[in-house]
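**Student:** Following is a predicted model, sequence given first.
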2 protein chains.
Amino acid sequence: MQGIDRNTLTDAVIASFEGAGDPRMKEVIGALVRHLHAFAREVELRPEEWRAGIAFLTAAAAITDDKRNEFVLASDILGLTSLTDLLQGVPGATERSVLGPFHAEGSPMLPVGGDLIRDNAGPPVLVRGRVLDLEGRPVRGATIDFWQTNALGHYWQQDPTQSPDNLRFRMPLGDDGVYAFTTVRPAPYTVPYDGPVGGLLRAGGRHAWRPAHFHFRVLADGFAPLTTELFPADDPYIEQDAVFGVRASLAVPFVTRDAPEEAARHRLPNPFALVEFDFRMSPAR
Amino acid sequence: MQGIDRNTLTDAVIASFEGAGDPRMKEVIGALVRHLHAFAREVELRPEEWRAGIAFLTAAAAITDDKRNEFVLASDILGLTSLTDLLQGVPGATERSVLGPFHAEGSPMLPVGGDLIRDNAGPPVLVRGRVLDLEGRPVRGATIDFWQTNALGHYWQQDPTQSPDNLRFRMPLGDDGVYAFTTVRPAPYTVPYDGPVGGLLRAGGRHAWRPAHFHFRVLADGFAPLTTELFPADDPYIEQDAVFGVRASLAVPFVTRDAPEEAARHRLPNPFALVEFDFRMSPAR
């Protein structure tokens, strides 16, 4: 009989998926098995380490529900989420960054130039720019889906003192691709660290902080959906995002702008911070 | 600022664990990140595939509890459990194989030569052999921990018609290292396939069957614990164990033995099946 030994095992596992109906599934699972086994061989994985891995997954399972997913968080802090985003990158297009767990469909509509500040405390910011194609022409009929924390680093879903739908919107753009809105500067915050991922961060000598950021998801017919983030370039955690979402091209200056008429037009105090950013969308695949 | 791109991400994630207190933890997690990222790069992992992976883990979480662990099962059917066992292998020692989820501490004691058949239906078997060291000398003071399914392929924990502790024992051996017991031939069975692991097996064109087997865990002071299995060499699934536990050296003949006196001594019908196997233990590390 054939028998399995440490030299033949990996090929036997890959061959067991020979009958997969979907060739891509066979390719992906085969590569997963090969790399997983290569990892175990390289470190000569010990039984107690295998058990620690199972205990990690089991502990993650115990706190995962429809409101919180510890597996997504594990993927985030190991850079796998960010890598998946980067692998979607198209030269010349805006770089992608993590969607994160706080995106939700159904944000209220906001017209171009609208205001999100309302009763939110914190430094006021005017954010504006355009949505362009790879040739620099305005994208017609784009929609921006936007969400951020307040100035204390909390999303509305986390914070009963915020009104529902606070600091998020959908904005349909005109043929010029121009967007603009006023808001408050978001704040750095920690990813949840009370579960096994937190234990891993601590064991690794790591912290759980993310730099402050705006979340954007830009959608337009004929273009690949663009999920990304913008970060204040002077954020204290800009060089050490716990989930590796920062890219140099997405770190933007919050420029102090002393312009009384512009401030008045946007009903902002003067001076205020200005963030300008143009999105570049790649064609749908 | 430094910034993350698809070329620098992996090194940045590995470097983030630079402050780990435990050098071995740093080594293992660094290798895990490197191989996980290499997998994603090689297949150019797509966002919908990343989501499918998260959905798999989330579904596994939903059915994992203190009685059933879908992550262990996933490790089993991807060969990672078996690889971890094989990596513990020592030349000249009995090959290791999976512990499986049905081992439990506290089996009842059985003397050498004792009987497990009792009210169990199925073909009777005499199992016997010795526990030896790498030089072939008897190991003194060894204990055998043993468990198996009945002739329908069910462990007592799965089957309310079986008496508690059915078909399992602990056997303290004498200075000659000899063990012997009578039992019934176990049967092939399927690993659980009603969860996401079952979905993966089906998508891969795989079945969920394991060949019949005896589980052994052999313990002795000064020796590395030996967890292994013995399989009937003529089992229909011997070449395609769903969890890759079969090794050629562990596939043993169930020899039909026509020996009326021996049968009478063990209170077996004549003829009966005989399995002979000597375990070779390696020194504790």
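**Tutor:** That came through, no problem.
**Student:** switch to C-alpha atoms for all contacts and neighbour counts from now on
**Tutor:** OK.
**Student:** Just to check, A:N166 is in contact with A:H154?
**Tutor:** No: using C-alpha atoms under 8 Å, A:N166 is not in contact with A:H154; the gap is 10.3 Å.
**Student:** Could you grab the helix/strand/coil label for A:T58?
**Tutor:** Recorded secondary structure, A:T58: helix (DSSP: H, G, I helix; E, B strand; the rest coil).
**Student:** Chain B contacts on the stretch 101-250 of chain A?
**Tutor:** By the rule C-alpha under 8 Å from any C-alpha of the partner chain, the part of the stretch 101-250 of chain A lying against chain B is A:203-206, A:239, A:244-248.
**Student:** Settle it for me: which of A:N166 and A:H154 has more neighbours?
**Tutor:** Set A:N166 next to A:H154 and count neighbours by other C-alpha atoms under 10 Å in any protein chain shown: A:N166 wins out with 21 against 17.
**Student:** quick one: the strands in the stretch 151-285 of chain A?
**Tutor:** For the stretch 151-285 of chain A, the strands defined by DSSP state E, counting those that start in this stretch cover A:168-172, A:178-184, A:189-190, A:209-210, A:214-219, A:226-232, A:251-252, A:255-257, A:272-276, A:279-281.
**Student:** any idea of the angle the second one forms with strand A:272-276?
**Tutor:** What that stands for is strand A:178-184. Here strand A:178-184 points in a direction 140 degrees away from that of strand A:272-276 (axes from the mean of the first three to the mean of the last three C-alpha atoms, to 10 degrees).
**Student:** Partner strands of strand A:178-184 and their direction?
**Tutor:** Looking at strand A:178-184 with DSSP bridges, its partner strands are strand A:114-115 (parallel), strand A:124-133 (antiparallel).
**Student:** Now do it against strand A:168-172: the angle between them, please.
**Tutor:** Here strand A:178-184 runs at an angle of 160 degrees relative to strand A:168-172 (the same axes, to 10 degrees).
**Student:** can you list the residues that contact strand A:178-184?
**Tutor:** Outside of strand A:178-184, the residues within contact range by C-alpha atoms under 8 Å, 6 or more residues apart in numbering or on different chains are A:112-117, A:120-131, A:150-151, A:167, A:171, A:173, A:266.
**Student:** can you rerun that using 6 Å?
**Tutor:** Residues outside strand A:178-184 that contact it (C-alpha atoms under 6 Å, 6 or more residues apart in numbering or on different chains) are A:112-117, A:122-130.
**Student:** and what of stretch A:100-108?
**Tutor:** With C-alpha under 6 Å, 6+ apart as the test, stretch A:100-108 has contacts from A:169-170.
**Student:** how far is it from where the chain is centred?
**Tutor:** 12 Å (C-alpha atoms, centre = their mean, to the nearest Å).
**Student:** before we move on, what about stretch A:110-121?
**Tutor:** Counting by C-alpha atoms, centre = their mean, stretch A:110-121 comes out at 23 Å from the chain centroid.
**Student:** Output it as PDB, nothing but the C-alphas.
**Tutor:** In PDB, the C-alpha atoms belonging to stretch A:110-121 read as follows (Å, rounded to 0.1, in the frame of the first residue of the first chain):
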ATOM      1  CA  LEU A 110     -26.000  64.200   1.800                       C
ATOM      2  CA  PRO A 111     -25.800  66.700  -1.100                       C
ATOM      3  CA  VAL A 112     -22.400  67.900  -2.400                       C
ATOM      4  CA  GLY A 113     -21.200  70.600   0.000                       C
ATOM      5  CA  GLY A 114     -23.300  69.200   2.900                       C
ATOM      6  CA  ASP A 115     -22.500  69.300   6.600                       C
ATOM      7  CA  LEU A 116     -21.800  66.400   9.000                       C
ATOM      8  CA  ILE A 117     -20.700  68.500  11.900                       C
ATOM      9  CA  ARG A 118     -24.100  69.200  13.500                       C
ATOM     10  CA  ASP A 119     -23.700  68.600  17.200                       C
ATOM     11  CA  ASN A 120     -20.300  66.900  17.000                       C
ATOM     12  CA  ALA A 121     -17.500  68.500  19.000                       C
END
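**Student:** Which residues are in contact with the residue in the stretch 101-250 of chain A positioned nearest to chain B?
**Tutor:** Chain B sits closest to A:G204 of the stretch 101-250 of chain A, with a gap of 3.9 Å, by C-alpha to the nearest C-alpha. The contact partners of A:G204, taken as C-alpha under 6 Å, 6+ apart, are B:17, B:19-20.
**Student:** filter those by proximity to chain A?
**Tutor:** Contacts with chain A within the contacts of A:G204, as defined by C-alpha under 6 Å from any C-alpha of the partner chain: B:17, B:19-20.
**Student:** pLDDT below threshold where in chain A?
**Tutor:** Applying pLDDT under 70 to chain A picks out residues A:1-2.
**Student:** Pull the number of nearby residues for A:T10.
**Tutor:** 25.
**Student:** Can you tell me how far it is from chain B?
**Tutor:** In this structure, A:T10 and chain B are 7 Å apart, going by C-alpha to the nearest C-alpha, to the nearest Å.
**Student:** Make sure that residue is indeed in a helix.
**Tutor:** Yes: assessed with three-state DSSP, A:T10 lies in a helix.
**Student:** What separation do you get for it and A:E95?
**Tutor:** Using C-alpha to C-alpha, to the nearest Å, A:T10 is found at 36 Å from A:E95.
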